[in-house]
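Colleague: give me a model of this one.
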Amino acid sequence: METNPKQTARLTGILYLLVIICAGFSQGYVRGTLFVPGEPETTLANIVASEGLFRIGLATDLIAFLLDAVISILLYQLVKEVNKTLAIVAAAFRLLAHPAIASLNLLNHYMAIETATSGGYLSALGMEQQETWTMLFLQAHNYGYLLAGAFFGIHCLLLGVLLYRSNLIPNIFGILMVLAALGYLIETFGNIMVPGNEGLLANIVGFSAAIGEVSLTFYLIIKGVRSSDMQD
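Modeller: Numbering: from 1, shown residues only. Sure thing, here's the model as predicted:
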(Lines give C-alpha, C1' and ligand atoms only; values in the text may rest on other atoms or scores of the structure.)
Protein backbone atom coordinates (compact mmCIF):
# COMPACT_ATOMS: atom_id res chain seq x y z
CA MET A 1 0.00 0.00 0.00
CA GLU A 2 1.39 3.35 -1.07
CA THR A 3 1.57 6.10 1.51
CA ASN A 4 2.28 9.77 1.09
CA PRO A 5 5.43 10.61 3.10
CA LYS A 6 4.52 14.29 3.28
CA GLN A 7 1.10 13.54 4.72
CA THR A 8 2.63 11.00 7.13
CA ALA A 9 5.16 13.60 8.26
CA ARG A 10 2.49 16.23 8.87
CA LEU A 11 0.32 13.79 10.79
CA THR A 12 3.38 12.87 12.86
CA GLY A 13 4.02 16.54 13.57
CA ILE A 14 0.42 17.19 14.63
CA LEU A 15 0.40 14.19 16.98
CA TYR A 16 3.83 15.17 18.32
CA LEU A 17 2.51 18.65 19.10
CA LEU A 18 -0.42 17.14 21.00
CA VAL A 19 2.02 14.97 22.98
CA ILE A 20 4.15 18.00 23.86
CA ILE A 21 1.08 19.92 25.02
CA CYS A 22 -0.39 17.04 27.06
CA ALA A 23 2.88 15.91 28.64
CA GLY A 24 3.97 19.49 29.28
CA PHE A 25 0.68 20.22 31.02
CA SER A 26 0.89 17.09 33.19
CA GLN A 27 4.54 17.29 34.17
CA GLY A 28 5.21 21.00 33.96
CA TYR A 29 1.97 22.46 35.26
CA VAL A 30 0.08 19.84 37.28
CA ARG A 31 2.87 18.04 39.11
CA GLY A 32 5.18 21.00 38.79
CA THR A 33 2.85 23.22 40.81
CA LEU A 34 1.16 20.74 43.17
CA PHE A 35 4.21 18.67 44.14
CA VAL A 36 6.54 20.65 46.42
CA PRO A 37 9.75 18.66 47.09
CA GLY A 38 10.59 18.38 50.75
CA GLU A 39 7.22 19.74 51.86
CA PRO A 40 4.82 16.81 52.33
CA GLU A 41 2.21 18.85 54.21
CA THR A 42 2.00 21.46 51.46
CA THR A 43 1.97 18.80 48.72
CA LEU A 44 -0.83 16.86 50.38
CA ALA A 45 -2.88 20.03 50.85
CA ASN A 46 -2.33 20.99 47.20
CA ILE A 47 -3.50 17.61 45.90
CA VAL A 48 -6.55 17.57 48.17
CA ALA A 49 -7.49 21.12 47.12
CA SER A 50 -6.92 20.37 43.42
CA GLU A 51 -7.85 16.71 43.15
CA GLY A 52 -9.69 17.27 39.87
CA LEU A 53 -6.65 18.96 38.33
CA PHE A 54 -4.40 16.16 39.56
CA ARG A 55 -6.67 13.57 37.92
CA ILE A 56 -6.71 15.56 34.69
CA GLY A 57 -2.92 15.49 34.78
CA LEU A 58 -3.01 11.70 34.90
CA ALA A 59 -5.45 11.59 31.98
CA THR A 60 -3.44 13.97 29.77
CA ASP A 61 -0.28 11.98 30.46
CA LEU A 62 -2.05 8.79 29.39
CA ILE A 63 -3.31 10.48 26.22
CA ALA A 64 0.24 11.57 25.41
CA PHE A 65 1.58 8.04 25.87
CA LEU A 66 -1.15 6.53 23.71
CA LEU A 67 -0.36 9.01 20.95
CA ASP A 68 3.34 8.24 21.32
CA ALA A 69 2.67 4.62 20.33
CA VAL A 70 1.27 5.89 17.02
CA ILE A 71 4.15 8.34 16.57
CA SER A 72 6.66 5.52 17.01
CA ILE A 73 5.20 3.69 14.02
CA LEU A 74 4.83 6.81 11.89
CA LEU A 75 8.46 7.82 12.49
CA TYR A 76 9.53 4.28 11.60
CA GLN A 77 7.64 4.58 8.33
CA LEU A 78 9.44 7.84 7.55
CA VAL A 79 13.01 6.71 8.25
CA LYS A 80 13.00 2.97 7.56
CA GLU A 81 14.54 3.41 4.10
CA VAL A 82 17.64 4.98 5.66
CA ASN A 83 18.40 1.93 7.79
CA LYS A 84 15.57 -0.46 8.56
CA THR A 85 17.26 -2.16 11.51
CA LEU A 86 18.20 1.12 13.16
CA ALA A 87 14.68 2.44 12.53
CA ILE A 88 13.16 -0.61 14.25
CA VAL A 89 15.46 -0.20 17.25
CA ALA A 90 14.61 3.51 17.47
CA ALA A 91 10.87 2.73 17.38
CA ALA A 92 11.29 0.02 20.02
CA PHE A 93 13.03 2.41 22.42
CA ARG A 94 10.24 4.97 22.02
CA LEU A 95 7.58 2.32 22.58
CA LEU A 96 9.38 1.17 25.71
CA ALA A 97 9.89 4.71 27.00
CA HIS A 98 6.36 6.10 27.08
CA PRO A 99 3.69 3.59 26.00
CA ALA A 100 5.29 0.97 28.27
CA ILE A 101 7.41 2.32 31.17
CA ALA A 102 5.85 5.77 31.55
CA SER A 103 2.31 4.41 31.23
CA LEU A 104 2.88 1.87 34.01
CA ASN A 105 4.54 4.62 36.03
CA LEU A 106 1.19 6.46 36.06
CA LEU A 107 0.15 3.96 38.73
CA ASN A 108 2.36 5.97 41.10
CA HIS A 109 0.50 9.15 40.13
CA TYR A 110 -2.81 7.40 40.78
CA MET A 111 -1.68 5.98 44.12
CA ALA A 112 -0.66 9.47 45.21
CA ILE A 113 -4.30 10.48 44.72
CA GLU A 114 -5.51 7.47 46.70
CA THR A 115 -3.22 8.17 49.65
CA ALA A 116 -3.78 11.93 49.66
CA THR A 117 -7.55 12.22 49.43
CA SER A 118 -9.90 11.82 52.38
CA GLY A 119 -11.39 8.64 50.95
CA GLY A 120 -7.99 7.09 50.27
CA TYR A 121 -6.77 3.82 51.71
CA LEU A 122 -4.49 5.47 54.29
CA SER A 123 -6.92 8.11 55.52
CA ALA A 124 -7.65 6.06 58.65
CA LEU A 125 -3.95 6.03 59.61
CA GLY A 126 -3.65 9.75 60.17
CA MET A 127 -2.31 12.80 58.37
CA GLU A 128 1.36 11.97 58.86
CA GLN A 129 1.00 8.59 57.17
CA GLN A 130 -0.92 10.17 54.30
CA GLU A 131 1.79 12.78 53.80
CA THR A 132 4.58 10.19 53.91
CA TRP A 133 2.99 7.79 51.43
CA THR A 134 1.84 10.55 49.09
CA MET A 135 5.39 11.90 48.85
CA LEU A 136 6.76 8.38 48.41
CA PHE A 137 4.49 7.68 45.43
CA LEU A 138 5.28 11.06 43.88
CA GLN A 139 9.01 10.46 44.29
CA ALA A 140 8.58 6.99 42.75
CA HIS A 141 6.71 8.56 39.85
CA ASN A 142 9.49 11.09 39.36
CA TYR A 143 12.13 8.38 39.15
CA GLY A 144 9.91 6.30 36.89
CA TYR A 145 9.74 9.35 34.61
CA LEU A 146 13.53 9.56 34.66
CA LEU A 147 13.94 5.87 33.81
CA ALA A 148 11.59 6.30 30.85
CA GLY A 149 13.66 9.34 29.87
CA ALA A 150 16.75 7.17 29.42
CA PHE A 151 14.93 4.99 26.88
CA PHE A 152 13.52 8.07 25.19
CA GLY A 153 16.97 9.61 25.05
CA ILE A 154 18.30 6.60 23.13
CA HIS A 155 15.32 6.89 20.78
CA CYS A 156 16.08 10.56 20.14
CA LEU A 157 19.74 9.73 19.53
CA LEU A 158 18.95 7.04 16.96
CA LEU A 159 16.26 9.17 15.34
CA GLY A 160 18.69 12.06 15.10
CA VAL A 161 21.25 9.85 13.35
CA LEU A 162 18.61 8.55 10.95
CA LEU A 163 17.32 12.03 10.14
CA TYR A 164 20.86 13.32 9.61
CA ARG A 165 21.64 10.49 7.20
CA SER A 166 18.40 10.92 5.29
CA ASN A 167 17.38 13.46 2.69
CA LEU A 168 13.97 13.91 4.28
CA ILE A 169 14.63 17.17 6.11
CA PRO A 170 17.60 19.52 6.66
CA ASN A 171 20.46 17.86 8.54
CA ILE A 172 20.29 20.42 11.33
CA PHE A 173 17.19 18.72 12.75
CA GLY A 174 19.11 15.47 13.11
CA ILE A 175 21.80 17.33 15.05
CA LEU A 176 19.21 19.01 17.26
CA MET A 177 17.59 15.66 18.06
CA VAL A 178 20.98 14.29 19.12
CA LEU A 179 21.33 17.28 21.45
CA ALA A 180 17.85 16.56 22.83
CA ALA A 181 18.95 12.96 23.41
CA LEU A 182 21.96 14.11 25.39
CA GLY A 183 19.68 16.30 27.51
CA TYR A 184 17.45 13.37 28.43
CA LEU A 185 20.39 11.10 29.22
CA ILE A 186 22.15 13.76 31.27
CA GLU A 187 18.99 14.35 33.32
CA THR A 188 18.41 10.64 34.01
CA PHE A 189 21.95 9.65 34.90
CA GLY A 190 22.66 12.97 36.59
CA ASN A 191 19.76 12.48 39.00
CA ILE A 192 20.83 8.91 39.70
CA MET A 193 24.54 9.53 40.10
CA VAL A 194 24.63 13.09 41.46
CA PRO A 195 21.34 13.78 43.30
CA GLY A 196 20.52 17.27 44.47
CA ASN A 197 20.79 19.00 41.08
CA GLU A 198 17.25 18.37 39.90
CA GLY A 199 16.57 21.99 38.97
CA LEU A 200 19.69 22.36 36.83
CA LEU A 201 19.18 19.02 35.12
CA ALA A 202 15.52 19.81 34.42
CA ASN A 203 16.59 23.08 32.77
CA ILE A 204 19.13 21.24 30.63
CA VAL A 205 16.61 18.74 29.30
CA GLY A 206 13.94 21.41 28.96
CA PHE A 207 16.21 23.57 26.82
CA SER A 208 17.60 20.75 24.66
CA ALA A 209 14.19 19.13 24.15
CA ALA A 210 12.58 22.47 23.31
CA ILE A 211 15.14 23.13 20.61
CA GLY A 212 15.22 19.59 19.21
CA GLU A 213 11.71 18.18 19.53
CA VAL A 214 9.71 21.39 19.17
CA SER A 215 11.63 22.57 16.11
CA LEU A 216 11.27 19.14 14.47
CA THR A 217 7.56 19.08 15.30
CA PHE A 218 6.83 22.41 13.65
CA TYR A 219 8.99 21.61 10.64
CA LEU A 220 7.04 18.39 10.08
CA ILE A 221 3.72 20.23 10.40
CA ILE A 222 4.68 23.11 8.13
CA LYS A 223 6.99 21.51 5.57
CA GLY A 224 6.52 17.77 5.90
CA VAL A 225 9.36 15.91 4.14
CA ARG A 226 10.90 15.79 0.71
CA SER A 227 8.63 13.08 -0.64
CA SER A 228 10.64 12.57 -3.79
CA ASP A 229 13.51 11.24 -1.69
CA MET A 230 11.48 8.45 -0.17
CA GLN A 231 9.20 5.79 -1.51
CA ASP A 232 7.31 3.31 0.65
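Colleague: drop to CA atoms for contacts and neighbour counts, all remaining ones
Modeller: OK.
Colleague: so what touches stretch 40-51?
Modeller: Contact with stretch 40-51 is made by 34-37, 54, 113, 116-118, 130-132, 134-135, as judged by CA atoms under 8 Å, 6 or more residues apart in numbering.
Colleague: just the buried members of those?
Modeller: When the contacts of stretch 40-51 are checked for burial by 16 or more other CA atoms under 10 Å, the buried set is 34, 35, 54, 113, 116, 117, 130, 131, 134, 135.
Colleague: what is the subsequent helix or strand relative to the longest helix that the chain contains?
Modeller: For the chain, the helix that runs over the most residues, judged by DSSP state H, is helix 127-165. Using DSSP states H and E, the helix or strand that follows helix 127-165 in sequence is helix 171-193.
Colleague: list the buried residues for that following helix?
Modeller: Buried, per 16+ other CA under 10 Å, within helix 171-193: 171, 173-191.
Colleague: what does that helix contact?
Modeller: Contacts for helix 171-193 (CA under 8 Å, 6+ apart): 146-147, 149-150, 152-165, 197-198, 201-202, 204-206, 208-213, 215-216.
Colleague: could you measure from residue 154 over to residue 86?
Modeller: Look at residue 154 and residue 86: by CA to CA, to the nearest Å, they are 11 Å apart.
Colleague: quick one, which of those two is more surrounded?
Modeller: residue 154 (22 against 18; other CA atoms under 10 Å).
Colleague: residue contacts, that one?
Modeller: 90, 93, 181, 185.
Colleague: low pLDDT regions in this structure?
Modeller: 1-3, 118-125, 227-232 (pLDDT under 70).
Colleague: where along it do the helices fall?
Modeller: 5-23, 32-34, 40-49, 51-79, 84-95, 103-116, 127-165, 171-193, 198-209, 215-222.
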